[in-house]
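[1] give me the fold of what follows.
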Amino acid sequence: MRRDIRDAVGGALVAASVSTLGDFIWATWITRHPPVYGLTHGTLLFLCLGLYLGACAGRTVTGAVAGALLGFLAAGGFYVLAPLVGYSAMFVLWIGVWVGLGLINGTVLQKGAGIRDALIRGSLAAVGSGVAFYAISGIWFPFHPRGWDYAVHFGAWTIAYLPGLLLLLVSVEPRR
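    You can find the predicted model right below:
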(Lines give C-alpha, C1' and ligand atoms only; values in the text may rest on other atoms or scores of the structure.)
Protein backbone atom coordinates (compact mmCIF):
# COMPACT_ATOMS: atom_id res chain seq x y z
CA MET A 1 0.00 0.00 0.00
CA ARG A 2 1.29 3.47 -0.85
CA ARG A 3 2.51 5.56 2.06
CA ASP A 4 0.07 8.44 1.42
CA ILE A 5 -2.91 6.06 1.44
CA ARG A 6 -1.58 4.41 4.61
CA ASP A 7 -1.23 7.86 6.19
CA ALA A 8 -4.83 8.74 5.30
CA VAL A 9 -6.19 5.47 6.70
CA GLY A 10 -4.03 5.85 9.82
CA GLY A 11 -5.26 9.41 10.29
CA ALA A 12 -8.88 8.30 9.98
CA LEU A 13 -8.28 5.63 12.63
CA VAL A 14 -6.58 8.12 14.96
CA ALA A 15 -9.33 10.72 14.49
CA ALA A 16 -12.02 8.05 14.94
CA SER A 17 -10.38 6.94 18.18
CA VAL A 18 -10.32 10.48 19.56
CA SER A 19 -13.88 11.18 18.41
CA THR A 20 -15.18 7.94 19.92
CA LEU A 21 -13.42 8.74 23.18
CA GLY A 22 -15.06 12.17 23.04
CA ASP A 23 -18.49 10.58 22.52
CA PHE A 24 -17.86 8.32 25.52
CA ILE A 25 -16.73 11.20 27.75
CA TRP A 26 -19.68 13.41 26.76
CA ALA A 27 -22.16 10.56 27.33
CA THR A 28 -20.66 9.22 30.55
CA TRP A 29 -19.48 12.19 32.59
CA ILE A 30 -20.86 15.41 31.14
CA THR A 31 -24.45 16.14 32.10
CA ARG A 32 -24.42 19.86 31.25
CA HIS A 33 -22.95 21.30 28.07
CA PRO A 34 -21.41 24.68 28.89
CA PRO A 35 -19.46 26.21 25.99
CA VAL A 36 -16.11 25.71 27.73
CA TYR A 37 -16.55 21.93 27.36
CA GLY A 38 -17.35 22.23 23.65
CA LEU A 39 -14.42 24.60 23.10
CA THR A 40 -12.13 22.17 24.91
CA HIS A 41 -13.49 19.22 22.91
CA GLY A 42 -13.03 20.95 19.54
CA THR A 43 -9.56 22.19 20.47
CA LEU A 44 -8.33 18.78 21.65
CA LEU A 45 -9.91 16.85 18.77
CA PHE A 46 -8.33 18.99 16.09
CA LEU A 47 -5.08 19.34 18.03
CA CYS A 48 -4.82 15.55 17.59
CA LEU A 49 -5.72 15.69 13.90
CA GLY A 50 -3.32 18.59 13.31
CA LEU A 51 -0.62 16.74 15.22
CA TYR A 52 -1.14 13.74 12.96
CA LEU A 53 -1.05 15.80 9.75
CA GLY A 54 2.01 17.61 11.06
CA ALA A 55 3.74 14.31 11.84
CA CYS A 56 3.06 13.14 8.28
CA ALA A 57 4.75 16.31 7.00
CA GLY A 58 7.61 16.34 9.53
CA ARG A 59 6.16 19.45 11.25
CA THR A 60 4.46 17.97 14.31
CA VAL A 61 4.34 21.04 16.58
CA THR A 62 3.17 23.34 13.79
CA GLY A 63 0.43 20.89 12.88
CA ALA A 64 -0.70 20.51 16.49
CA VAL A 65 -0.88 24.28 17.08
CA ALA A 66 -2.68 24.95 13.77
CA GLY A 67 -5.12 22.09 14.39
CA ALA A 68 -5.86 23.27 17.94
CA LEU A 69 -6.53 26.82 16.72
CA LEU A 70 -8.79 25.55 13.95
CA GLY A 71 -10.69 23.32 16.40
CA PHE A 72 -11.14 26.17 18.86
CA LEU A 73 -12.45 28.48 16.12
CA ALA A 74 -14.83 25.81 14.79
CA ALA A 75 -16.20 25.05 18.26
CA GLY A 76 -16.59 28.77 18.94
CA GLY A 77 -18.35 29.14 15.59
CA PHE A 78 -20.79 26.44 16.65
CA TYR A 79 -21.77 28.38 19.77
CA VAL A 80 -22.27 31.53 17.67
CA LEU A 81 -24.28 29.84 14.88
CA ALA A 82 -26.28 27.24 16.85
CA PRO A 83 -28.75 29.76 18.32
CA LEU A 84 -29.50 30.90 14.76
CA VAL A 85 -29.61 27.61 12.82
CA GLY A 86 -29.63 24.87 15.47
CA TYR A 87 -27.51 21.76 15.15
CA SER A 88 -27.20 22.36 11.39
CA ALA A 89 -24.33 24.63 12.41
CA MET A 90 -22.31 21.48 13.04
CA PHE A 91 -22.46 20.52 9.35
CA VAL A 92 -21.53 24.02 8.19
CA LEU A 93 -18.56 24.09 10.54
CA TRP A 94 -17.50 20.53 9.63
CA ILE A 95 -17.16 21.75 6.03
CA GLY A 96 -15.28 24.86 7.18
CA VAL A 97 -12.88 22.75 9.23
CA TRP A 98 -11.98 20.64 6.19
CA VAL A 99 -11.33 23.71 4.05
CA GLY A 100 -9.14 24.98 6.91
CA LEU A 101 -7.33 21.64 7.16
CA GLY A 102 -6.72 21.77 3.41
CA LEU A 103 -5.18 25.22 3.73
CA ILE A 104 -3.07 24.25 6.74
CA ASN A 105 -1.88 21.00 5.19
CA GLY A 106 -1.27 22.40 1.71
CA THR A 107 0.36 25.71 2.53
CA VAL A 108 1.85 25.41 6.02
CA LEU A 109 2.66 21.73 6.58
CA GLN A 110 3.38 20.33 3.12
CA LYS A 111 4.50 23.67 1.67
CA GLY A 112 4.37 22.17 -1.81
CA ALA A 113 0.93 23.41 -2.73
CA GLY A 114 -0.18 26.89 -3.54
CA ILE A 115 -3.25 28.43 -1.97
CA ARG A 116 -5.39 27.52 -4.99
CA ASP A 117 -4.46 23.82 -4.82
CA ALA A 118 -4.87 23.79 -1.03
CA LEU A 119 -8.33 25.37 -1.32
CA ILE A 120 -9.37 22.90 -4.01
CA ARG A 121 -8.18 19.91 -1.96
CA GLY A 122 -9.73 21.32 1.20
CA SER A 123 -13.03 21.98 -0.59
CA LEU A 124 -13.12 18.48 -2.07
CA ALA A 125 -12.25 17.06 1.36
CA ALA A 126 -15.08 19.14 2.83
CA VAL A 127 -17.59 17.73 0.36
CA GLY A 128 -16.42 14.12 0.68
CA SER A 129 -16.14 14.20 4.42
CA GLY A 130 -19.28 16.32 4.76
CA VAL A 131 -21.37 13.72 2.93
CA ALA A 132 -19.82 10.97 5.07
CA PHE A 133 -20.41 12.99 8.28
CA TYR A 134 -24.03 13.53 7.35
CA ALA A 135 -24.40 9.80 6.61
CA ILE A 136 -23.11 8.81 10.08
CA SER A 137 -24.75 11.64 12.04
CA GLY A 138 -27.49 9.34 13.28
CA ILE A 139 -25.06 7.60 15.66
CA TRP A 140 -26.27 9.78 18.54
CA PHE A 141 -29.96 8.96 18.05
CA PRO A 142 -31.95 7.78 19.77
CA PHE A 143 -30.14 9.46 22.62
CA HIS A 144 -29.48 6.59 25.01
CA PRO A 145 -25.74 6.99 25.64
CA ARG A 146 -25.54 4.20 28.22
CA GLY A 147 -26.60 1.74 25.51
CA TRP A 148 -24.46 3.04 22.66
CA ASP A 149 -22.20 0.59 20.87
CA TYR A 150 -18.88 2.42 20.75
CA ALA A 151 -17.51 0.01 18.14
CA VAL A 152 -20.25 1.34 15.85
CA HIS A 153 -19.23 4.90 16.75
CA PHE A 154 -15.60 4.09 15.95
CA GLY A 155 -16.54 2.62 12.56
CA ALA A 156 -18.82 5.55 11.78
CA TRP A 157 -16.17 8.11 12.69
CA THR A 158 -13.61 6.25 10.57
CA ILE A 159 -16.00 6.53 7.62
CA ALA A 160 -16.55 10.23 8.34
CA TYR A 161 -12.85 11.13 8.41
CA LEU A 162 -11.50 8.87 5.67
CA PRO A 163 -12.72 10.74 2.54
CA GLY A 164 -11.33 14.05 3.80
CA LEU A 165 -7.96 12.60 4.73
CA LEU A 166 -7.67 10.72 1.45
CA LEU A 167 -8.32 13.96 -0.44
CA LEU A 168 -5.79 15.88 1.67
CA LEU A 169 -2.99 13.32 1.79
CA VAL A 170 -3.07 11.18 -1.33
CA SER A 171 -0.92 12.60 -4.07
CA VAL A 172 -2.04 12.45 -7.65
CA GLU A 173 0.69 10.79 -9.66
CA PRO A 174 0.89 11.65 -13.36
CA ARG A 175 0.29 8.83 -15.82
CA ARG A 176 3.26 7.55 -17.76
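[2] where are the low-confidence patches of this protein?
    Under the criterion pLDDT under 70, the flagged ranges of the chain are 142-145, 173-176.
[3] isn't Thr158 up against Ala12?
    Yes. The criterion here is C-beta atoms under 8 Å, and Thr158 meets it with Ala12 at 5.0 Å. Glycine gets a C-beta too; all of them are placed from N, C-alpha and C.
[4] those two: which is more packed in?
    Ala12 (24 against 20; other C-beta atoms under 10 Å).
[5] work out for me the element the more buried one sits within.
    According to DSSP states H and E, Ala12 maps onto helix 3-29.
[6] what comes up buried for that helix?
    Of the residues in helix 3-29, 4, 7-9, 11-16, 18-23, 26-27 count as buried by neighbour count, 16 or more other C-beta atoms under 10 Å.
[7] where do the helices sit along the chain?
    Under the criterion DSSP state H, the chain contains helices at 3-29, 35-57, 60-85, 88-103, 115-136, 150-169.
[8] so can I have CSV of these showing distance to Leu109?
    CSV is the format used below for the helices of the chain (distance: least, C-beta to C-beta, whole Å):
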stretch, distance to Leu109
helix 3-29, 12
helix 35-57, 4
helix 60-85, 6
helix 88-103, 10
helix 115-136, 10
helix 150-169, 10
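[9] picking that back up, from the chain's centroid, how far away is the helix holding Ala12?
    In this view, helix 3-29 has its centroid 9 Å away from the chain centroid, taken as C-alpha atoms, centre = their mean, to the nearest Å.
[10] what do you get for stretch 110-119?
    Distance, centroid of stretch 110-119 to centroid of chain: 19 Å (C-alpha atoms, centre = their mean).
[11] next: stretch 77-94.
    Offset of stretch 77-94 from its chain centre (C-alpha atoms, centre = their mean): 16 Å.
[12] what's the first-to-last distance across that stretch?
    11 Å (C-alpha to C-alpha, to the nearest Å).
[13] so which bits of it are buried?
    Buried residues in stretch 77-94, counted by 16+ other C-beta under 10 Å: 77-78, 81-82, 89-90, 93-94.
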